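Student: My questions are about this predicted structure, shown below with the sequence.
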Amino acid sequence: MRGSIWPVTLECGDIVLRPIRYRDRKEWMAVRSRNSEWLAPWEASNPAPGGALPDYRQMVRSLNAQAAQATALPFVIAERRPVLRDPAIVGQLTVSSIVWGSAMMATLGYWVDKSCAGRGIAPTAVAMATDYCFGSLGLHRMEINIRPENGPSLRVVEKLGFRDEGYRPRFLHINGEWADHRSFALTSEEVPEGLLARWLRSRPA
């Protein structure tokens with residue numbers, strides 16, 4: 001599959017998933033800065049003594065390398081707005097840890113601007129990415145791991161019908177400590193009509 005899965009842009013209405021780019025740095029940093037308190041409790045951290053997170057350029061370089069190896073899909077979530085020429089960045093979504101062969105599975109993570117929370121942007125983005133992985137890439141399972149205290153992210157998987165598969169103690173290093181997570185998953189057989197179609201049907205008119 002290497003080279004055939006990326007880059008790709010996915011769209012639904014005003015919501016666009018597109019590859020993250022080096023030239024997004026200024027806009028991406030501005031969104032992260034104004035959401036620093038909103039995102040800090042869920043921010044991945046480096047468990048190594050004195051370990052630091054990569055800077056923006058290092059992050060994009062690493063994500064691009066993973067995409068080239070067909071192990072990740074690094075998207076920004078953007079929204080079309082009447083006053084802007086280009087869709088505005090409102091979050092990030094990364095499909096990572098893609099495993100081929102007998103597993104055919106991946107893990108998905110996301111964040112959105114606090115000002116956009118509750119508007120259906122995150123569920124729409126997750127549904128689009130999941131459909132691409134199931135329908136175009138032939139993956140079988142998508143997994144999302146969420147801190148039990150992260151109410152907004154829990155509501156996303158609940159809206160989309162991901163199964164709660166249980167508790168994972170000290171699963172990931174988050175905000176400076178090993179943190180418990182709940183694991184949610186969906187397989188392609190559970191959404192034969194597509195996750196996006198099911199999600200859009202379930203939304204109030």
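Tutor: Perfect, I can see it now.
Student: Where do the strands of this protein begin and end?
Tutor: Along the chain, the segments classed as strands by DSSP state E run 10-12, 15-19, 73-79, 88-99, 105-112, 141-146, 163-174, 177-187.
Student: ranking those strands by burial, who's on top?
Tutor: strand 73-79 (a mean of 24; mean count of other C-beta atoms under 10 Å). Backbone N, C-alpha and C define where each C-beta goes, glycine included.
Student: Keeping just the C-alphas, turn that one into PDB.
Tutor: The C-alpha trace of strand 73-79 is given here as PDB (Å, rounded to 0.1, in the frame of the first residue of the first chain):
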ATOM      1  CA  LEU A  73      -2.500   9.600   8.000                       C
ATOM      2  CA  PRO A  74      -1.700  13.000   9.400                       C
ATOM      3  CA  PHE A  75      -4.600  15.400   8.800                       C
ATOM      4  CA  VAL A  76      -5.600  18.900   9.900                       C
ATOM      5  CA  ILE A  77      -9.300  19.500  10.400                       C
ATOM      6  CA  ALA A  78     -10.400  22.600   8.500                       C
ATOM      7  CA  GLU A  79     -13.600  24.500   8.100                       C
END
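Student: Quick check: neighbours of it in the sheet, parallel or antiparallel?
Tutor: strand 15-19 (antiparallel), strand 88-99 (antiparallel) (DSSP bridges).
Student: Could you provide the ones you listed in CSV, with additional columns for distance to Glu189 and mean pLDDT?
Tutor: Listed next are the strands paired with strand 73-79 as CSV, based on distance: least, C-beta to C-beta, whole Å; pLDDT from 0 to 100:
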stretch, distance to Glu189, mean pLDDT
strand 15-19, 24, 98
strand 88-99, 18, 98
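Student: Cheers, nothing more for now.
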